[in-house]
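**Student:** have a look; sequence and predicted model below, questions after that.
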Amino acid sequence: MDTVMMIQNTDTALEIFEEAATSHSNAIETGDYKVANKSYDRIIVAAAFLKQEGKIRLVSKFLNHASSGVRSWAAAYLLPIQEQDAIRVLESVAKGKGLLSFEAEMTLSEWRKGNLKL
């Protein structure tokens, strides 16, 4: 069984979220869809655990992360509860170049249209 499925505490969930978001952003930039897909699954499971525990707000510590991918993932999950900060981060990432910037732009677009459900 994947270790992500065995998350038992908040610290572990946050570590997995950070590692998986870093891995996902690197894989997106290099075109490694297999690693990107696996990392995406890990992000979703870690975020689900944090939401279930009522602690998704803790990903706000990643809004200033060195990785724009980690910042984007954290911001996306914070849109419903910390909208202004999340939008600011996503707009900043969207100003860059590459697929991560495009993803941030699309996340903002879908949020503003009311289509984004996290």
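**Tutor:** It's in. Remember, it's a predicted structure, so these values are computed and weren't measured experimentally.
**Student:** gap between stretch 66-86 and the chain center?
**Tutor:** Stretch 66-86 sits 7 Å away from the centroid of its parent chain (CA atoms, centre = their mean, to the nearest Å).
**Student:** average pLDDT across that stretch?
**Tutor:** On average, the pLDDT along stretch 66-86 is 97.
**Student:** can you tell me the helix or strand for the residue most central in space within the chain?
**Tutor:** Nearest residue to the geometric centre of the chain (CA atoms, centre = their mean): Trp73, 1.7 Å. Remark: Trp73 resides in helix 68-78, with elements defined by DSSP states H and E.
**Student:** show me the contact partners of that helix.
**Tutor:** 17-18, 21-22, 24-26, 28, 43, 47, 56-57, 59-65, 85-87, 89-90, 92-93, 96, 100-101, 103-104, 107, 116, 118 (CB atoms under 8 Å, 6 or more residues apart in numbering). Yep, even glycine has a C-beta here, placed from its N, CA and C like the rest.
**Student:** among these, which ones are in helices?
**Tutor:** 17-18, 21-22, 24-26, 28, 43, 47, 85-87, 89-90, 92-93, 100-101, 103-104, 107 (DSSP state H).
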